[in-house]
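# fold the following and give me the result.
(chains A, B, C and D)
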There are 2 protein chains.
Amino acid sequence: MSSLRDFRARHDLSMEALCARILDRHASTIRIKKPAVAIGNLARIVETTLMLANRKGFQSTSLRDLTEQSGLSMGALYAYFDSKDTLLMMILGQVVSVVEEVLGHPPEALATDPAGRLRWLLRTHLFLTETMHPWFVFAYMEAKSFPKDGRDLAVGSEMMTEGMIADALADGVSRGLFAVPDVTMTAALIKPMLQDWYVKRSKHRRRGITPDLYAEQLIAFVEAAVGLKRAG
Amino acid sequence: MSSLRDFRARHDLSMEALCARILDRHASTIRIKKPAVAIGNLARIVETTLMLANRKGFQSTSLRDLTEQSGLSMGALYAYFDSKDTLLMMILGQVVSVVEEVLGHPPEALATDPAGRLRWLLRTHLFLTETMHPWFVFAYMEAKSFPKDGRDLAVGSEMMTEGMIADALADGVSRGLFAVPDVTMTAALIKPMLQDWYVKRSKHRRRGITPDLYAEQLIAFVEAAVGLKRAG
DNA sequence: ATACAAAGCGAACGCTCGCTCTCTTTTTTT
DNA sequence: AAAAAAAGAGAGCGAGCGTTCGCTTTGTAT
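This next block holds a predicted model:
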(Lines give C-alpha, C1' and ligand atoms only; values in the text may rest on other atoms or scores of the structure.)
Protein backbone atom coordinates (compact mmCIF):
# COMPACT_ATOMS: atom_id res chain seq x y z
CA MET A 1 0.00 0.00 0.00
CA SER A 2 1.41 3.34 -1.15
CA SER A 3 2.45 6.04 1.31
CA LEU A 4 3.22 9.75 1.14
CA ARG A 5 6.95 8.92 1.00
CA ASP A 6 6.44 6.72 -2.04
CA PHE A 7 4.36 9.39 -3.72
CA ARG A 8 7.07 12.00 -3.28
CA ALA A 9 9.72 9.66 -4.58
CA ARG A 10 7.73 9.20 -7.77
CA HIS A 11 6.93 12.86 -8.51
CA ASP A 12 9.28 15.82 -8.50
CA LEU A 13 7.07 18.60 -7.20
CA SER A 14 9.86 20.77 -5.84
CA MET A 15 9.47 24.52 -6.16
CA GLU A 16 12.25 24.59 -8.77
CA ALA A 17 10.68 21.88 -10.91
CA LEU A 18 7.30 23.60 -10.77
CA CYS A 19 8.75 27.00 -11.61
CA ALA A 20 10.73 25.57 -14.51
CA ARG A 21 7.42 24.53 -16.02
CA ILE A 22 5.88 27.90 -15.32
CA LEU A 23 8.79 29.43 -17.20
CA ASP A 24 8.13 27.12 -20.13
CA ARG A 25 4.49 27.95 -20.28
CA HIS A 26 4.98 31.71 -19.98
CA ALA A 27 8.24 32.11 -21.90
CA SER A 28 6.67 34.79 -24.09
CA THR A 29 5.74 37.05 -21.15
CA ILE A 30 8.83 36.58 -19.00
CA ARG A 31 11.58 38.96 -20.08
CA ILE A 32 14.44 37.19 -18.31
CA LYS A 33 16.77 35.35 -20.68
CA LYS A 34 18.79 33.04 -18.50
CA PRO A 35 16.65 30.11 -17.33
CA ALA A 36 18.62 29.58 -14.11
CA VAL A 37 18.05 33.17 -13.04
CA ALA A 38 14.42 33.10 -14.09
CA ILE A 39 13.62 29.88 -12.24
CA GLY A 40 15.35 31.03 -9.07
CA ASN A 41 13.49 34.31 -8.94
CA LEU A 42 10.20 32.78 -10.01
CA ALA A 43 10.57 30.47 -7.05
CA ARG A 44 11.00 33.43 -4.70
CA ILE A 45 8.06 35.26 -6.27
CA VAL A 46 5.70 32.29 -6.21
CA GLU A 47 6.69 31.24 -2.70
CA THR A 48 6.12 34.75 -1.37
CA THR A 49 2.86 35.16 -3.27
CA LEU A 50 1.47 31.90 -1.91
CA MET A 51 2.46 32.83 1.63
CA LEU A 52 0.95 36.29 1.54
CA ALA A 53 -2.16 35.32 -0.45
CA ASN A 54 -2.95 32.41 1.84
CA ARG A 55 -2.55 34.68 4.84
CA LYS A 56 -4.76 37.56 3.71
CA GLY A 57 -6.01 36.88 0.20
CA PHE A 58 -4.53 37.62 -3.18
CA GLN A 59 -6.57 40.76 -3.78
CA SER A 60 -5.40 42.23 -0.49
CA THR A 61 -1.79 41.37 -1.16
CA SER A 62 -0.21 44.43 -2.76
CA LEU A 63 2.80 44.34 -5.02
CA ARG A 64 4.58 46.42 -2.41
CA ASP A 65 4.04 43.64 0.13
CA LEU A 66 5.46 41.32 -2.49
CA THR A 67 8.59 43.43 -3.08
CA GLU A 68 9.27 43.69 0.65
CA GLN A 69 8.88 40.00 1.37
CA SER A 70 10.55 38.67 -1.76
CA GLY A 71 13.47 41.11 -1.78
CA LEU A 72 12.88 41.89 -5.45
CA SER A 73 12.11 45.37 -6.66
CA MET A 74 8.98 46.53 -8.41
CA GLY A 75 10.76 46.66 -11.74
CA ALA A 76 12.19 43.19 -11.30
CA LEU A 77 8.77 41.73 -10.56
CA TYR A 78 7.37 43.15 -13.78
CA ALA A 79 10.08 41.36 -15.73
CA TYR A 80 8.36 38.12 -14.72
CA PHE A 81 4.71 39.04 -15.31
CA ASP A 82 2.92 41.83 -17.11
CA SER A 83 0.09 42.19 -14.62
CA LYS A 84 -0.97 40.95 -11.21
CA ASP A 85 -3.60 38.79 -12.90
CA THR A 86 -0.93 37.07 -14.99
CA LEU A 87 0.90 36.14 -11.79
CA LEU A 88 -2.31 34.58 -10.53
CA MET A 89 -2.79 32.64 -13.76
CA MET A 90 0.77 31.33 -13.63
CA ILE A 91 0.12 29.70 -10.28
CA LEU A 92 -3.36 28.46 -11.12
CA GLY A 93 -2.24 27.06 -14.46
CA GLN A 94 0.53 25.08 -12.81
CA VAL A 95 -1.87 23.59 -10.26
CA VAL A 96 -4.31 22.50 -12.94
CA SER A 97 -1.54 21.07 -15.07
CA VAL A 98 -0.07 19.02 -12.23
CA VAL A 99 -3.48 17.65 -11.26
CA GLU A 100 -4.07 16.45 -14.80
CA GLU A 101 -0.63 14.93 -14.99
CA VAL A 102 -0.60 13.15 -11.64
CA LEU A 103 -4.22 12.02 -11.32
CA GLY A 104 -4.72 11.36 -15.01
CA HIS A 105 -2.49 8.30 -15.10
CA PRO A 106 -3.51 5.57 -12.65
CA PRO A 107 -1.32 2.43 -12.67
CA GLU A 108 -2.31 0.05 -15.47
CA ALA A 109 -2.63 -2.75 -12.97
CA LEU A 110 -5.77 -1.06 -11.60
CA ALA A 111 -7.56 -0.90 -14.93
CA THR A 112 -9.84 -3.80 -14.01
CA ASP A 113 -9.89 -3.13 -10.25
CA PRO A 114 -12.35 -0.32 -9.48
CA ALA A 115 -11.96 -0.58 -5.69
CA GLY A 116 -8.19 -0.32 -6.03
CA ARG A 117 -8.52 2.55 -8.48
CA LEU A 118 -10.82 4.41 -6.12
CA ARG A 119 -8.35 3.91 -3.28
CA TRP A 120 -5.53 5.08 -5.54
CA LEU A 121 -7.47 8.19 -6.54
CA LEU A 122 -8.26 9.18 -2.96
CA ARG A 123 -4.75 8.53 -1.71
CA THR A 124 -3.04 10.23 -4.64
CA HIS A 125 -5.31 13.28 -4.40
CA LEU A 126 -4.51 13.64 -0.70
CA PHE A 127 -0.77 13.20 -1.19
CA LEU A 128 -0.70 15.63 -4.08
CA THR A 129 -2.56 18.35 -2.21
CA GLU A 130 -0.44 17.71 0.87
CA THR A 131 2.77 18.11 -1.12
CA MET A 132 1.61 21.26 -2.89
CA HIS A 133 -0.55 22.48 -0.03
CA PRO A 134 -0.21 26.29 -0.44
CA TRP A 135 -0.80 25.99 -4.18
CA PHE A 136 -4.10 24.19 -3.70
CA VAL A 137 -5.32 26.48 -0.94
CA PHE A 138 -4.55 29.37 -3.27
CA ALA A 139 -6.41 27.85 -6.20
CA TYR A 140 -9.39 26.93 -4.05
CA MET A 141 -9.74 30.16 -2.09
CA GLU A 142 -9.05 32.61 -4.88
CA ALA A 143 -11.13 30.77 -7.46
CA LYS A 144 -14.18 33.02 -7.29
CA SER A 145 -12.15 36.17 -7.93
CA PHE A 146 -10.29 34.76 -10.93
CA PRO A 147 -10.75 36.36 -14.31
CA LYS A 148 -13.28 34.31 -16.25
CA ASP A 149 -10.80 32.02 -18.05
CA GLY A 150 -9.22 31.25 -14.69
CA ARG A 151 -12.55 30.32 -13.17
CA ASP A 152 -13.38 28.08 -16.09
CA LEU A 153 -10.00 26.39 -15.75
CA ALA A 154 -10.54 25.74 -12.04
CA VAL A 155 -14.09 24.47 -12.50
CA GLY A 156 -12.99 22.26 -15.36
CA SER A 157 -10.23 20.75 -13.27
CA GLU A 158 -12.60 20.04 -10.43
CA MET A 159 -15.10 18.41 -12.78
CA MET A 160 -12.35 16.25 -14.23
CA THR A 161 -11.27 14.76 -10.91
CA GLU A 162 -14.89 14.33 -9.87
CA GLY A 163 -15.44 12.52 -13.14
CA MET A 164 -12.55 10.15 -12.42
CA ILE A 165 -14.12 9.24 -9.09
CA ALA A 166 -17.50 8.77 -10.73
CA ASP A 167 -15.94 6.49 -13.37
CA ALA A 168 -14.34 4.28 -10.75
CA LEU A 169 -17.66 4.10 -8.92
CA ALA A 170 -19.61 3.25 -12.07
CA ASP A 171 -17.08 0.56 -12.93
CA GLY A 172 -17.45 -0.90 -9.45
CA VAL A 173 -21.24 -0.86 -9.66
CA SER A 174 -21.28 -2.63 -13.01
CA ARG A 175 -19.01 -5.33 -11.57
CA GLY A 176 -21.33 -5.77 -8.60
CA LEU A 177 -18.71 -4.52 -6.14
CA PHE A 178 -20.36 -1.29 -5.00
CA ALA A 179 -23.93 -0.49 -4.04
CA VAL A 180 -24.39 3.14 -5.04
CA PRO A 181 -27.73 4.66 -6.06
CA ASP A 182 -26.24 7.58 -8.03
CA VAL A 183 -22.56 7.64 -8.96
CA THR A 184 -22.46 11.33 -9.91
CA MET A 185 -23.98 12.36 -6.62
CA THR A 186 -21.71 10.03 -4.67
CA ALA A 187 -18.63 11.39 -6.41
CA ALA A 188 -19.87 14.90 -5.62
CA LEU A 189 -20.05 13.92 -1.94
CA ILE A 190 -16.56 12.44 -1.91
CA LYS A 191 -14.83 15.43 -3.49
CA PRO A 192 -15.36 17.88 -0.59
CA MET A 193 -13.90 15.36 1.85
CA LEU A 194 -10.76 15.32 -0.27
CA GLN A 195 -10.66 19.10 -0.40
CA ASP A 196 -11.19 19.37 3.34
CA TRP A 197 -7.75 17.94 3.91
CA TYR A 198 -6.06 21.03 2.54
CA VAL A 199 -8.74 23.63 3.22
CA LYS A 200 -8.83 22.85 6.95
CA ARG A 201 -5.43 21.27 7.21
CA SER A 202 -4.42 23.11 10.38
CA LYS A 203 -7.43 21.72 12.23
CA HIS A 204 -6.54 18.17 11.24
CA ARG A 205 -2.91 18.66 12.13
CA ARG A 206 -3.84 20.08 15.53
CA ARG A 207 -5.61 16.77 16.10
CA GLY A 208 -2.54 14.81 15.13
CA ILE A 209 -3.95 13.50 11.85
CA THR A 210 -1.22 12.80 9.29
CA PRO A 211 -1.91 12.54 5.55
CA ASP A 212 -1.50 8.76 5.71
CA LEU A 213 -3.94 8.55 8.60
CA TYR A 214 -6.45 10.80 6.88
CA ALA A 215 -6.18 8.70 3.74
CA GLU A 216 -6.76 5.51 5.68
CA GLN A 217 -9.81 6.83 7.53
CA LEU A 218 -11.31 8.50 4.48
CA ILE A 219 -10.95 5.29 2.48
CA ALA A 220 -12.59 3.26 5.25
CA PHE A 221 -15.44 5.79 5.44
CA VAL A 222 -15.99 5.86 1.70
CA GLU A 223 -15.75 2.10 1.26
CA ALA A 224 -18.35 1.58 3.97
CA ALA A 225 -20.58 4.18 2.34
CA VAL A 226 -20.40 2.57 -1.11
CA GLY A 227 -21.08 -0.84 0.38
CA LEU A 228 -17.72 -2.48 -0.27
CA LYS A 229 -16.95 -5.40 1.99
CA ARG A 230 -13.46 -4.91 3.44
CA ALA A 231 -10.89 -7.63 3.85
CA GLY A 232 -9.62 -8.02 7.41
CA MET B 1 -39.99 13.23 7.89
CA SER B 2 -39.27 16.98 7.89
CA SER B 3 -38.93 18.93 4.65
CA LEU B 4 -37.60 22.33 3.63
CA ARG B 5 -41.15 23.68 3.70
CA ASP B 6 -41.61 22.58 7.30
CA PHE B 7 -38.29 24.10 8.26
CA ARG B 8 -39.21 27.47 6.84
CA ALA B 9 -42.57 27.43 8.54
CA ARG B 10 -40.84 26.94 11.89
CA HIS B 11 -38.14 29.63 11.57
CA ASP B 12 -38.53 33.23 10.49
CA LEU B 13 -35.31 33.86 8.60
CA SER B 14 -36.63 36.69 6.43
CA MET B 15 -34.26 39.53 5.65
CA GLU B 16 -36.29 41.83 7.89
CA ALA B 17 -36.21 39.49 10.88
CA LEU B 18 -32.47 38.99 10.50
CA CYS B 19 -31.80 42.70 10.16
CA ALA B 20 -33.94 43.48 13.19
CA ARG B 21 -31.54 41.33 15.19
CA ILE B 22 -28.52 42.96 13.64
CA LEU B 23 -29.98 46.28 14.72
CA ASP B 24 -30.36 44.97 18.28
CA ARG B 25 -26.83 43.72 18.44
CA HIS B 26 -25.29 46.87 16.99
CA ALA B 27 -27.62 49.48 18.45
CA SER B 28 -24.66 51.40 19.84
CA THR B 29 -22.98 51.84 16.45
CA ILE B 30 -26.04 52.48 14.29
CA ARG B 31 -26.96 56.16 14.39
CA ILE B 32 -30.49 55.80 13.02
CA LYS B 33 -33.15 56.26 15.67
CA LYS B 34 -36.30 54.85 14.13
CA PRO B 35 -36.21 51.04 14.02
CA ALA B 36 -38.47 50.76 10.98
CA VAL B 37 -36.16 52.98 8.93
CA ALA B 38 -33.05 51.28 10.26
CA ILE B 39 -34.29 47.76 9.52
CA GLY B 40 -35.44 48.67 6.03
CA ASN B 41 -32.14 50.24 5.06
CA LEU B 42 -30.08 47.56 6.78
CA ALA B 43 -31.92 45.05 4.64
CA ARG B 44 -30.94 46.94 1.48
CA ILE B 45 -27.36 47.28 2.65
CA VAL B 46 -26.94 43.64 3.67
CA GLU B 47 -28.68 42.32 0.58
CA THR B 48 -26.48 44.40 -1.70
CA THR B 49 -23.32 43.53 0.23
CA LEU B 50 -24.02 39.81 0.02
CA MET B 51 -24.73 40.02 -3.69
CA LEU B 52 -21.59 41.98 -4.54
CA ALA B 53 -19.30 40.14 -2.12
CA ASN B 54 -20.43 36.73 -3.35
CA ARG B 55 -19.85 37.86 -6.91
CA LYS B 56 -16.34 39.30 -6.55
CA GLY B 57 -15.29 39.12 -2.91
CA PHE B 58 -15.81 41.49 -0.02
CA GLN B 59 -12.37 43.08 -0.26
CA SER B 60 -12.89 43.89 -3.90
CA THR B 61 -16.33 45.32 -3.29
CA SER B 62 -15.90 49.06 -2.84
CA LEU B 63 -18.23 51.28 -0.88
CA ARG B 64 -18.89 53.10 -4.11
CA ASP B 65 -20.18 49.88 -5.66
CA LEU B 66 -22.33 49.57 -2.58
CA THR B 67 -23.78 53.09 -2.89
CA GLU B 68 -24.60 52.56 -6.56
CA GLN B 69 -26.29 49.21 -6.11
CA SER B 70 -28.10 49.98 -2.86
CA GLY B 71 -29.25 53.49 -3.80
CA LEU B 72 -27.98 54.87 -0.49
CA SER B 73 -25.36 57.59 -0.30
CA MET B 74 -21.94 57.34 1.28
CA GLY B 75 -23.09 59.43 4.25
CA ALA B 76 -26.16 57.26 4.74
CA LEU B 77 -24.10 54.06 4.74
CA TYR B 78 -21.85 55.39 7.47
CA ALA B 79 -24.89 55.99 9.68
CA TYR B 80 -25.23 52.20 9.79
CA PHE B 81 -21.62 51.16 10.35
CA ASP B 82 -18.44 52.93 11.34
CA SER B 83 -16.12 50.91 9.11
CA LYS B 84 -16.23 48.37 6.33
CA ASP B 85 -15.01 45.75 8.81
CA THR B 86 -17.97 46.45 11.08
CA LEU B 87 -20.32 45.76 8.19
CA LEU B 88 -18.56 42.43 7.70
CA MET B 89 -18.86 41.60 11.39
CA MET B 90 -22.58 42.44 11.39
CA ILE B 91 -23.23 39.81 8.74
CA LEU B 92 -20.89 37.22 10.19
CA GLY B 93 -22.24 37.70 13.71
CA GLN B 94 -25.79 37.14 12.52
CA VAL B 95 -24.82 33.93 10.73
CA VAL B 96 -23.09 32.55 13.81
CA SER B 97 -25.98 33.55 16.05
CA VAL B 98 -28.59 31.88 13.84
CA VAL B 99 -26.55 28.68 13.62
CA GLU B 100 -26.37 28.47 17.38
CA GLU B 101 -30.06 29.17 17.75
CA VAL B 102 -31.35 26.79 15.09
CA LEU B 103 -28.96 23.84 15.44
CA GLY B 104 -28.54 24.17 19.18
CA HIS B 105 -32.06 22.97 19.99
CA PRO B 106 -32.90 19.55 18.59
CA PRO B 107 -36.42 18.25 19.35
CA GLU B 108 -36.60 16.69 22.82
CA ALA B 109 -38.06 13.54 21.32
CA LEU B 110 -34.66 12.80 19.78
CA ALA B 111 -32.76 12.96 23.07
CA THR B 112 -32.49 9.17 23.24
CA ASP B 113 -32.42 8.57 19.48
CA PRO B 114 -28.93 9.23 18.12
CA ALA B 115 -29.74 8.10 14.57
CA GLY B 116 -32.73 10.42 14.49
CA ARG B 117 -30.69 13.25 15.97
CA LEU B 118 -27.97 12.78 13.36
CA ARG B 119 -30.58 12.84 10.59
CA TRP B 120 -32.10 15.97 12.14
CA LEU B 121 -28.71 17.69 12.32
CA LEU B 122 -27.87 16.97 8.69
CA ARG B 123 -31.27 17.95 7.40
CA THR B 124 -31.53 21.08 9.51
CA HIS B 125 -28.04 22.21 8.57
CA LEU B 126 -28.84 21.82 4.88
CA PHE B 127 -32.17 23.61 5.15
CA LEU B 128 -30.67 26.43 7.16
CA THR B 129 -27.83 27.03 4.72
CA GLU B 130 -30.24 26.74 1.81
CA THR B 131 -32.54 29.35 3.31
CA MET B 132 -29.70 31.76 4.14
CA HIS B 133 -27.51 30.73 1.24
CA PRO B 134 -25.72 34.02 0.45
CA TRP B 135 -25.03 34.60 4.14
CA PHE B 136 -23.27 31.28 4.49
CA VAL B 137 -21.28 31.60 1.29
CA PHE B 138 -20.16 34.98 2.55
CA ALA B 139 -19.12 33.66 5.96
CA TYR B 140 -17.32 30.70 4.42
CA MET B 141 -15.49 32.49 1.61
CA GLU B 142 -14.50 35.63 3.47
CA ALA B 143 -13.48 33.83 6.65
CA LYS B 144 -9.74 33.93 6.04
CA SER B 145 -9.69 37.68 5.56
CA PHE B 146 -11.72 38.43 8.69
CA PRO B 147 -10.13 40.45 11.46
CA LYS B 148 -8.93 38.07 14.13
CA ASP B 149 -12.07 38.12 16.32
CA GLY B 150 -14.14 37.36 13.22
CA ARG B 151 -11.99 34.38 12.34
CA ASP B 152 -12.20 33.05 15.86
CA LEU B 153 -15.98 33.43 15.78
CA ALA B 154 -16.22 31.51 12.50
CA VAL B 155 -13.88 28.75 13.62
CA GLY B 156 -15.73 28.46 16.94
CA SER B 157 -19.05 28.13 15.17
CA GLU B 158 -17.70 25.42 12.89
CA MET B 159 -16.26 23.51 15.84
CA MET B 160 -19.59 23.72 17.62
CA THR B 161 -21.60 22.14 14.83
CA GLU B 162 -18.90 19.54 14.28
CA GLY B 163 -19.10 18.81 18.00
CA MET B 164 -22.87 18.25 17.76
CA ILE B 165 -22.35 15.71 15.01
CA ALA B 166 -19.61 14.03 17.02
CA ASP B 167 -21.89 13.85 20.08
CA ALA B 168 -24.66 12.19 18.12
CA LEU B 169 -22.14 9.70 16.71
CA ALA B 170 -20.66 8.96 20.13
CA ASP B 171 -24.14 8.44 21.54
CA GLY B 172 -24.93 6.05 18.71
CA VAL B 173 -21.71 4.13 19.22
CA SER B 174 -22.31 3.71 22.96
CA ARG B 175 -25.79 2.36 22.19
CA GLY B 176 -24.34 -0.11 19.72
CA LEU B 177 -26.12 1.53 16.77
CA PHE B 178 -23.11 2.86 14.86
CA ALA B 179 -19.78 1.28 14.04
CA VAL B 180 -17.35 4.21 13.90
CA PRO B 181 -13.64 3.93 14.70
CA ASP B 182 -13.16 7.63 15.57
CA VAL B 183 -16.14 9.92 16.12
CA THR B 184 -14.15 13.17 15.89
CA MET B 185 -12.63 12.18 12.59
CA THR B 186 -15.96 10.96 11.23
CA ALA B 187 -17.66 14.21 12.21
CA ALA B 188 -14.82 16.09 10.51
CA LEU B 189 -15.52 14.11 7.33
CA ILE B 190 -19.25 14.79 7.44
CA LYS B 191 -18.95 18.55 7.88
CA PRO B 192 -17.46 19.35 4.45
CA MET B 193 -20.24 17.39 2.74
CA LEU B 194 -22.73 19.68 4.50
CA GLN B 195 -20.78 22.76 3.46
CA ASP B 196 -20.52 21.57 -0.12
CA TRP B 197 -24.23 22.11 -0.54
CA TYR B 198 -23.88 25.87 -0.30
CA VAL B 199 -20.30 26.28 -1.51
CA LYS B 200 -21.00 24.50 -4.81
CA ARG B 201 -24.71 25.00 -4.89
CA SER B 202 -24.88 26.05 -8.51
CA LYS B 203 -23.23 22.78 -9.60
CA HIS B 204 -25.78 20.74 -7.68
CA ARG B 205 -28.67 22.78 -9.00
CA ARG B 206 -27.43 22.39 -12.56
CA ARG B 207 -27.75 18.67 -11.95
CA GLY B 208 -31.29 19.03 -10.71
CA ILE B 209 -30.53 18.25 -7.07
CA THR B 210 -32.96 19.91 -4.67
CA PRO B 211 -32.17 20.46 -0.97
CA ASP B 212 -34.56 17.66 -0.01
CA LEU B 213 -32.89 15.32 -2.49
CA TYR B 214 -29.41 16.27 -1.31
CA ALA B 215 -30.48 15.69 2.29
CA GLU B 216 -31.86 12.28 1.44
CA GLN B 217 -28.76 11.14 -0.43
CA LEU B 218 -26.34 12.57 2.09
CA ILE B 219 -28.18 10.84 4.93
CA ALA B 220 -28.13 7.54 3.06
CA PHE B 221 -24.41 7.93 2.36
CA VAL B 222 -23.56 8.82 5.95
CA GLU B 223 -25.73 6.12 7.48
CA ALA B 224 -24.08 3.50 5.30
CA ALA B 225 -20.67 4.85 6.26
CA VAL B 226 -21.37 4.72 10.01
CA GLY B 227 -22.76 1.22 9.68
CA LEU B 228 -26.40 1.91 10.51
CA LYS B 229 -28.83 -0.67 9.20
CA ARG B 230 -31.62 1.14 7.37
CA ALA B 231 -35.29 0.26 7.57
CA GLY B 232 -36.90 -0.42 4.19
C1' DA C 1 40.17 47.34 -19.90
C1' DT C 2 36.16 48.07 -22.82
C1' DA C 3 31.67 47.43 -24.64
C1' DC C 4 27.26 45.78 -24.48
C1' DA C 5 23.37 43.18 -23.08
C1' DA C 6 20.85 41.48 -19.14
C1' DA C 7 18.85 42.27 -14.87
C1' DG C 8 17.45 45.06 -11.17
C1' DC C 9 15.95 49.32 -9.07
C1' DG C 10 12.57 52.68 -7.10
C1' DA C 11 10.44 57.28 -7.75
C1' DA C 12 6.49 58.90 -10.01
C1' DC C 13 1.81 58.57 -12.41
C1' DG C 14 -3.08 58.26 -12.69
C1' DC C 15 -6.52 56.29 -10.29
C1' DT C 16 -9.51 54.24 -6.65
C1' DC C 17 -9.93 53.27 -2.02
C1' DG C 18 -12.16 53.90 2.87
C1' DC C 19 -13.78 57.49 5.28
C1' DT C 20 -15.27 62.46 6.84
C1' DC C 21 -17.77 66.56 6.93
C1' DT C 22 -20.75 70.12 5.64
C1' DC C 23 -24.91 70.99 3.69
C1' DT C 24 -29.77 69.88 2.17
C1' DT C 25 -34.10 67.41 2.54
C1' DT C 26 -37.55 64.99 5.09
C1' DT C 27 -40.10 63.98 9.16
C1' DT C 28 -41.81 64.96 13.64
C1' DT C 29 -43.21 68.00 17.22
C1' DT C 30 -45.21 72.01 18.84
C1' DA D 1 -46.73 77.31 10.23
C1' DA D 2 -42.53 77.29 12.56
C1' DA D 3 -38.90 75.01 14.85
C1' DA D 4 -36.29 71.10 15.95
C1' DA D 5 -34.61 66.59 15.08
C1' DA D 6 -33.50 62.91 12.04
C1' DA D 7 -31.82 61.18 7.83
C1' DG D 8 -29.55 61.51 3.49
C1' DA D 9 -26.46 63.45 0.05
C1' DG D 10 -22.06 63.70 -2.21
C1' DA D 11 -17.71 66.50 -2.84
C1' DG D 12 -13.34 66.08 -0.96
C1' DC D 13 -9.23 64.10 1.79
C1' DG D 14 -5.00 61.51 2.28
C1' DA D 15 -3.35 56.97 1.63
C1' DG D 16 -2.38 53.21 -1.09
C1' DC D 17 -3.10 50.73 -5.39
C1' DG D 18 -1.14 48.53 -10.03
C1' DT D 19 1.83 49.89 -13.43
C1' DT D 20 5.60 52.39 -16.02
C1' DC D 21 10.05 54.09 -17.15
C1' DG D 22 14.59 56.25 -17.01
C1' DC D 23 18.46 54.95 -14.78
C1' DT D 24 22.17 52.00 -12.36
C1' DT D 25 24.43 47.70 -11.45
C1' DT D 26 25.96 43.15 -12.77
C1' DG D 27 27.69 39.67 -15.81
C1' DT D 28 30.02 38.31 -20.00
C1' DA D 29 32.69 38.42 -24.23
C1' DT D 30 36.17 40.60 -26.36
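
# run the chain-centre distance for the longest helix belonging to chain A.
Longest helix of chain A, by residue count under DSSP state H: helix A:148-174. Averaging C-alpha positions (Cα atoms, centre = their mean, to the nearest Å) puts helix A:148-174 13 Å from its chain's average.

# next, the buried residues of it.
A:150, A:153-154, A:157-158, A:161-162, A:164-173 (16 or more other Cβ atoms under 10 Å in any protein chain shown). Bear in mind the C-beta positions are built from the backbone N, C-alpha and C, glycine included.

# helices or strands up against the helix or strand just after that helix?
The first helix or strand that comes after helix A:148-174 along the chain, using DSSP states H and E, is helix A:183-199. Counting contacts by 3 or more Cβ pairs under 8 Å, 6 or more residues apart in numbering or on different chains; DSSP states H and E, helix A:183-199 packs against helix A:114-131, helix A:133-142, helix A:148-174, helix A:211-225, helix B:183-199, helix B:211-225.

# for residue A:96, which of those helices is the nearest?
Closest of the helices and strands packed on helix A:183-199 to residue A:96 is helix A:148-174, at 4.6 Å (criterion: Cβ to Cβ).

# same for that closest one, what does it pack against?
Applying 3+ Cβ pairs under 8 Å, 6+ apart, we find helix A:148-174 packed against helix A:84-103, helix A:114-131, helix A:183-199.

# which one of the ones you listed lies nearest to DNA strand C?
DNA strand C lies closest, by Cβ to the nearest atom of the strand, to one member of the helices and strands packed on helix A:148-174: helix A:84-103, at 12.2 Å.

# mind listing what's buried along that closest one?
Across helix A:84-103, burial judged by 16+ other Cβ under 10 Å covers A:84, A:87-99, A:102-103.

# so which of those is the closest to residue B:56?
Lowest distance from residue B:56 to the buried residues of helix A:84-103 (Cβ to Cβ) belongs to residue A:88, with 14.0 Å.

# shouldn't the closest one be in contact with residue A:141?
No: using Cβ atoms under 8 Å, residue A:88 is not in contact with residue A:141; the gap is 11.8 Å.

# and residue A:150, what pLDDT?
pLDDT recorded at residue A:150 is 91.

# contact residues of chain A facing DNA strand D?
Counting by Cβ under 7 Å from any atom of the strand, chain A comes close to DNA strand D at A:61, A:62, A:63, A:64, A:65, A:74, A:75, A:78, A:82, A:83, A:84, A:85.

# who wins for neighbours among these?
Counting neighbours by other Cβ atoms under 10 Å in any protein chain shown, residue A:61 leads the residues of chain A next to DNA strand D with 20 neighbours.

# distance of the residue nearest to that residue when sequence neighbours are not counted relative to chain B?
Residue nearest to residue A:61 in three dimensions, not counting chain neighbours: residue A:52, with 4.3 Å by Cβ to Cβ, 6 or more residues apart in numbering or on different chains. To chain B, residue A:52 is 12 Å away according to Cβ to the nearest Cβ, to the nearest Å.

# go on, residue A:54?
Per Cβ to the nearest Cβ, residue A:54 is found 8 Å from chain B.

# show me the residues of chain A next to DNA strand D that map onto helices.
Reading helices off the residues of chain A next to DNA strand D with DSSP H, I get A:63, A:64, A:65, A:74, A:75, A:84, A:85.

# hmm, back to that, among the buried residues of helix A:84-103, give me the pair with the biggest separation.
Spanning the widest gap among these are A:84 and A:103, at 29.2 Å by Cβ to Cβ.

# next one: phi and psi at residue A:30?
Backbone dihedrals for residue A:30, given as degrees, to the nearest 10, come out at phi -80, psi 130.

# count of residues packed around it?
Neighbour count of residue A:30, defined by other Cβ under 10 Å: 21.

# for the nearest residue to it once chain neighbours are set aside, give me the pLDDT.
The shortest distance from residue A:30 to any non-neighbouring residue, by Cβ to Cβ, 6+ apart, is to residue A:80 (5.5 Å). Note for residue A:80: predicted pLDDT of 98.

# what about residue A:80? Give its phi and psi, please.
The phi/psi pair for residue A:80 (degrees, to the nearest 10) is phi -110, psi -20.

# check residue A:200 too.
The phi/psi pair for residue A:200 (degrees, to the nearest 10) is phi -120, psi 40.

# ditto for the one 10 residues further on
Backbone torsions of residue A:210, given as degrees, to the nearest 10, read phi -90, psi 170.

# who's in contact with it?
Applying Cβ atoms under 8 Å, 6 or more residues apart in numbering or on different chains to residue A:210 gives the contacts residue A:4.

# how close does it get to chain B?
In terms of Cβ to the nearest Cβ, residue A:210 sits 12 Å off from chain B.

# how close does that residue sit to residue A:130?
Plainly put, residue A:210 is 9 Å away from residue A:130 if you go by Cβ to Cβ, to the nearest Å.

# what do the two both touch?
Common contacts of residue A:210 and residue A:130, defined by Cβ under 8 Å, 6+ apart, comprise residue A:4.

# got the domain boundaries for chain A?
Chain A resolves into domains spanning A:4-9+A:91-225, A:15-83 when parsed by automatic domain parsing.

# ranking those by burial, who's on top?
Among the domains of chain A, the stretch with the highest mean neighbour count (mean count of other Cβ atoms under 10 Å in any protein chain shown) is domain A:4-9+A:91-225, at a mean of 18.

# mind picking the two most distant members of the ones in helices among the residues of chain A next to DNA strand D?
Spatially, the most separated pair among those is A:75 and A:85, at 18.6 Å (Cβ to Cβ).

# residue A:179: what's its closest spatial neighbour, skipping adjacent residues?
residue A:227 (3.5 Å).

# and what of residue A:58?
Spatial nearest neighbour of residue A:58, excluding adjacent residues (Cβ to Cβ, 6+ apart): residue A:142 at 4.9 Å.

# mind listing what the one you found touches?
By Cβ under 8 Å, 6+ apart, the neighbours of residue A:142 are A:53, A:57, A:58, A:88, A:92.

# how near is residue A:119 to residue A:38?
The spacing between residue A:119 and residue A:38, counted by Cβ to Cβ, is 39 Å.

# what's the answer for residue A:217, then?
According to Cβ to Cβ, residue A:217 and residue A:38 sit 42 Å apart.

# close to DNA strand C, is stretch A:139-147?
No: against DNA strand C, stretch A:139-147 shows no contacts by Cβ under 7 Å from any atom of the strand, the least distance being 13.5 Å.

# now do that stretch, average pLDDT.
Per-residue pLDDT values over stretch A:139-147 give a mean of 88.

# endpoints of it, how far apart?
End-to-end distance for stretch A:139-147: 13 Å, by Cα to Cα, to the nearest Å.

# out of the helices and strands packed on helix A:148-174, nearest to residue B:187?
So among these, helix A:183-199 is nearest, using Cβ to Cβ, at 11.6 Å.

# how far does that closest one sit from its chain's centre?
Helix A:183-199 has its C-alpha centroid displaced from the chain centroid by 14 Å (Cα atoms, centre = their mean).
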